[in-house]
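Chemist: Predicted coordinates and the sequence they were generated for:
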Amino acid sequence: MKHAKKSAEGNESFGWRDTLIWCGIPVIIVLLVRLFLFGFYVIPSGSMMDTIEPGDRVITSKLTPKIFKLQRGDVVVFKDPDHWLQQENSGRLGGDFLIKRLIGLPGDTVACEGPGKPVTVNGTAIDESSYIRQGVDPSAFPFSVKVTAGHVFVMGDNRSNSADSRYHQDDSSHGLVPVSDVVGVGLVKYWPLNHISTLDSHHDVFRDVPEGADD
């Protein structure tokens, strides 16, 4: 009887241990995935319409720029460089983060002559009709910015409602975003269900752009 009792206790102990292992391992895996591979954000503003609508939830890859290089066209999530959120129309992106499209890499010169004119990168005009919100100019005012080392130039797809790199020329980084502040590149929209889709980086828009010249 004592032997039977000990066996029952052993089985009970093993059952609990087995349950903890099988429940704990998936939880640990999920935590590691979220910590090192993917980020999850809620989009509060309309600065990326119609690509991303207010209230959409997006998943980002944390492997870029940590492992993979940033590319022109990437939809990037980044830490607020210098109080940009104060000029965004509606709240925060799950904390002190913003989301925009990367237009210029270090060494690039990004420019526009104003309404009705295209944005140029290193003197080459780009056709942004595949992602800019319909009826919105590439820029409502002229600008020309040389992207310095370790920074990127970003713009919202809804250019008429995006306090992006164009609007912050007098801040500490002259409207540029430090690459070290980029926390990920958008992959997909996963909520609401009727908005589920991949986030296209439209790298082809920039295929004819020559490399920028470092200072």
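Modeler: The structure has been received and is ready for your questions. Residues are numbered from 1 along each chain as shown.
Chemist: top strand in this structure by residue count?
Modeler: Across the chain, the longest stretch assigned as strand under DSSP state E is strand 182-191.
Chemist: what's it packed up against?
Modeler: Where contact means 3 or more CB pairs under 8 Å, 6 or more residues apart in numbering; DSSP states H and E, strand 182-191 is packed against strand 38-42, strand 57-61, helix 63-66, strand 75-79, strand 197-198. To be clear about C-beta, it is placed using only N, CA and C from the backbone, and glycine gets the same treatment.
Chemist: mind listing what that strand pairs with, with the direction of each?
Modeler: Strands flanking strand 182-191 in the sheet, each with its direction: strand 57-61 (antiparallel), strand 75-79 (antiparallel), strand 197-198 (antiparallel) (DSSP bridges).
Chemist: Run the angle between it and strand 38-42 for me.
Modeler: Strand 182-191 and strand 38-42 meet at an angle of 60 degrees, taking axes from the mean of the first three to the mean of the last three CA atoms, to 10 degrees as the criterion.
Chemist: Name the residues of strand 182-191 that are buried.
Modeler: Going by neighbour count (16 or more other CB atoms under 10 Å), the buried part of strand 182-191 is V182, V183, G184, V185, G186, L187, K189.
Chemist: Can you get me the start-to-end distance on stretch 161-176?
Modeler: Across its full length, stretch 161-176 reaches 18 Å between end residues, using CA to CA, to the nearest Å.
Chemist: quick one: buried residues of that stretch?
Modeler: Neighbour counts over stretch 161-176 (16+ other CB under 10 Å) mark N161, S162, A163, D164, S165, R166, H168, S173, H174, G175, L176 as buried.
Chemist: ditto for stretch 129-147
Modeler: Buried positions in stretch 129-147, judged by neighbour count with 16+ other CB under 10 Å: Y131, I132, R133, V136, D137, P138, S139, F143, V145, K146, V147.
Chemist: now, the most widely separated pair of the residues you listed?
Modeler: Spatially, the most separated pair among the buried residues of stretch 129-147 is R133 and K146, at 26.7 Å (CB to CB).
Chemist: From one end of stretch 156-163 to the other, what's the distance?
Modeler: Distances were taken as CA to CA; on that basis the terminal residues of stretch 156-163 are 8 Å apart.
Chemist: Kindly compare burial across the strands paired with strand 182-191 and name the winner.
Modeler: Mean neighbour counts were taken over those using mean count of other CB atoms under 10 Å, and the top value, a mean of 22, falls to strand 75-79.
Chemist: what are the C-alpha coordinates of it, in PDB please?
Modeler: Output in PDB follows, covering the C-alpha atoms of strand 75-79 (Å, rounded to 0.1, in the frame of the first residue of the first chain):
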ATOM      1  CA  VAL A  75       7.500  51.600 -43.700                       C
ATOM      2  CA  VAL A  76       9.400  52.200 -40.500                       C
ATOM      3  CA  VAL A  77       8.500  52.600 -36.900                       C
ATOM      4  CA  PHE A  78      10.800  54.800 -34.900                       C
ATOM      5  CA  LYS A  79      11.100  56.500 -31.500                       C
END
